[in-house]
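Trainee: Need a 3D model of the following:
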Amino acid sequence: MRNTDARKLDHKTLTELRKRAVAQVQEGISPEIVAKALGISRATIYGWLSLYRKGGWDALDARKRGGRPQKLNGKALQWIYDTVTMKNPLQLKFPFALWTARMIGQVIYKRFNIKLSKASVCRLLAQLGLTPQRPVWRAYQQRPEDVKRWLDEEYPRIRNMARHMKATIFFGDEAGVRSDHHAGTTWAKKGFTPVVTSTGARFGLNIVSAVSAQGEFRFMITNGRVKADTFIDFIKRLIHGAKGMVFLIVDGHPTHKAKMVMKFIETIKDRFRLFYLPPYSPELNPDERVWSDLKNNGVGRKAIYTPEDLKASVNGHLRMIQNKPSRVRSYFLNASTKYAA
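Mentor: Numbering: from 1, shown residues only. The predicted structure follows:
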């Protein structure tokens, strides 16, 4: 797109262009993308954002000139945006890996000698189109080249093999659920924190499950640890009644590679294949989202008093998932799992 020389636009057109640009940034579109789409420079978009921060929408009126210079000009806003979106707080010698409003305020003060309250920092970030979000955590041991090879080579090969052999691809995983896990919110009078009673005792159980992009969901609940014999039992259930070949993709946990498991798989190689995800890459496994669903929308919202309560609650929620193929398919729509949809 040809660059737009804002100086050659009439006041009305320029005002509308400024407001449209700022509105798009506040909707969450990167200032860099907005600038490119409108054919203006990076300096221009951050300058307009600075005007807006100083005086709101009226300050974007192209007929208005002069006035006191902004405390944080366009160049400063650009530096703040780049710092928050492109740097880890650990790089700036903070003890935490997540940005907080107070930490950003400290960075601004150190760089520009301008003190902003927490509310002002939050307002500034919102004006830049930034929002507080729950991050995706990844193990530092993860090798990006392994993930890339999985996405570009290994999984496409598995998918092509499955098509040729008319196999169903499942992603599997194990997880533990405890009686003291709580999640969710409830309404109450302002200033009066509600109290929900549950047991103070701690007990749990383990689950093995597998999901397919077609909406199939299989699970098995066990009171003990998931060992090699437990995993073999789950594989038997997974292939039972299957019309064709079954492919199962799991992580590289030692249980999945145990000699007992390998020997068993040799006996069913005409019906079953086992594959492994890259190391330290749980975000690539759609079955991980089952546990988030179970803990945050199921067990975490119920009052659990006995082991029987816990098992009934877990079983009930997993049965509900099993009866809703569309819900299972949604686990494949996350940014890190849609490659397998």
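
Trainee: going forward, measure contacts between C-alpha atoms and count neighbours the same way
Mentor: Noted.

Trainee: For residue 177, the count of nearby residues, please.
Mentor: Using other Cα atoms under 10 Å, the number of residues around residue 177 comes to 19.

Trainee: On the pLDDT front, check the residue nearest to residue 47 when sequence neighbours are not counted for me.
Mentor: Setting aside the residues directly before and after it, residue 47 is nearest to residue 74 in space (Cα to Cα, 6 or more residues apart in numbering), at 3.9 Å. The pLDDT attached to residue 74 in the predicted structure is 85.

Trainee: And residue 178, by the same measure?
Mentor: In the prediction, the pLDDT value recorded for residue 178 is 75.

Trainee: show me what contacts the closest residue in space to it that isn't next to it in sequence?
Mentor: Of all residues beyond its chain neighbours, the one nearest residue 178 is residue 204 (4.2 Å), with distances taken as Cα to Cα, 6+ apart. By Cα atoms under 8 Å, 6 or more residues apart in numbering, the contact list for residue 204 reads 176, 177, 178, 179, 223, 307, 310.

Trainee: List the residues that contact the fifth one.
Mentor: When contacts are counted by Cα under 8 Å, 6+ apart, residue 223 is found next to 204, 205, 206.

Trainee: ditto for the fourth one
Mentor: With contact taken as Cα under 8 Å, 6+ apart, residue 179 is in contact with 199, 201, 202, 203, 204, 299, 304, 305, 307, 310.

Trainee: Parallel or antiparallel, which strands does the longest strand along the chain pair with?
Mentor: For the chain, the strand with the greatest residue count under DSSP state E is strand 168-178. With DSSP bridges as the test, strand 168-178 is paired with strand 204-212 (antiparallel), strand 246-250 (parallel).

Trainee: residues making contact with the last one?
Mentor: Right, the one you point to is strand 246-250. Outside of strand 246-250, the residues within contact range by Cα under 8 Å, 6+ apart are 162, 167-173, 210, 238-239, 256, 271-277, 285.

Trainee: rewinding a little: looking only at the longest strand of the chain, what residues are buried by neighbour count?
Mentor: Using 16 or more other Cα atoms under 10 Å as the test for burial, strand 168-178 gives 168, 169, 170, 171, 172, 173, 174, 176, 177, 178.

Trainee: Emit the ChimeraX select command for whichever of the contacts of strand 246-250 are buried.
Mentor: To isolate the buried ones among the contacts of strand 246-250 in ChimeraX, judged by 16+ other Cα under 10 Å, type:
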select :162,167,168,169,170,171,172,173,210,238,239,256,272,273,274,275,276,277,285
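
Trainee: which residues in the chain form helices?
Mentor: With DSSP state H, the ranges of helices along the chain come out as 11-26, 31-38, 42-55, 74-86, 101-112, 118-127, 144-149, 155-165, 228-239, 259-267, 288-293, 307-322, 325-330.

Trainee: will you turn these into CSV that also has distance to residue 216?
Mentor: Supplementary listing: these in CSV, determined by distance: least, Cα to Cα, whole Å:
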stretch, distance to residue 216
helix 11-26, 40
helix 31-38, 39
helix 42-55, 48
helix 74-86, 38
helix 101-112, 43
helix 118-127, 41
helix 144-149, 25
helix 155-165, 16
helix 228-239, 11
helix 259-267, 22
helix 288-293, 12
helix 307-322, 7
helix 325-330, 6
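
Trainee: of all these, which lies closest to residue 251?
Mentor: Distance to residue 251, taken as Cα to Cα, is lowest for helix 288-293 among the helices of the chain, at 10.9 Å.

Trainee: What values do phi and psi take at the nearest residue to residue 165 once chain neighbours are set aside?
Mentor: If you skip the residues right next to it in sequence, residue 165 has residue 245 as its closest partner in space, 6.9 Å away by Cα to Cα, 6+ apart. In this entry, residue 245 is assigned phi and psi values of phi -70, psi 150 (degrees, to the nearest 10).

Trainee: Look up how far residue 308 lies from residue 245.
Mentor: Using Cα to Cα, to the nearest Å, residue 245 is found at 36 Å from residue 308.

Trainee: which of these two has more neighbours?
Mentor: Set side by side, residue 245 and residue 308 give different neighbour counts by other Cα under 10 Å, the larger being at residue 245 (17 against 10).

Trainee: Residue ranges in the stretch 51-200 of the chain under the pLDDT threshold?
Mentor: In the prediction, the stretch 51-200 of the chain carries residues with pLDDT under 70 at positions 63-70, 95-96, 134-141, 180-200.

Trainee: Residue 232: neighbouring residues, count only.
Mentor: Close neighbours of residue 232, defined as other Cα under 10 Å, add up to 19.

Trainee: Considering the contacts of residue 179, which possesses the most neighbours?
Mentor: For the contacts of residue 179, neighbours were counted using other Cα under 10 Å, and residue 299 has the most, 27 neighbours in all.

Trainee: Neighbours of residue 153, how many?
Mentor: A count of nearby residues for residue 153, using other Cα under 10 Å, gives 11.
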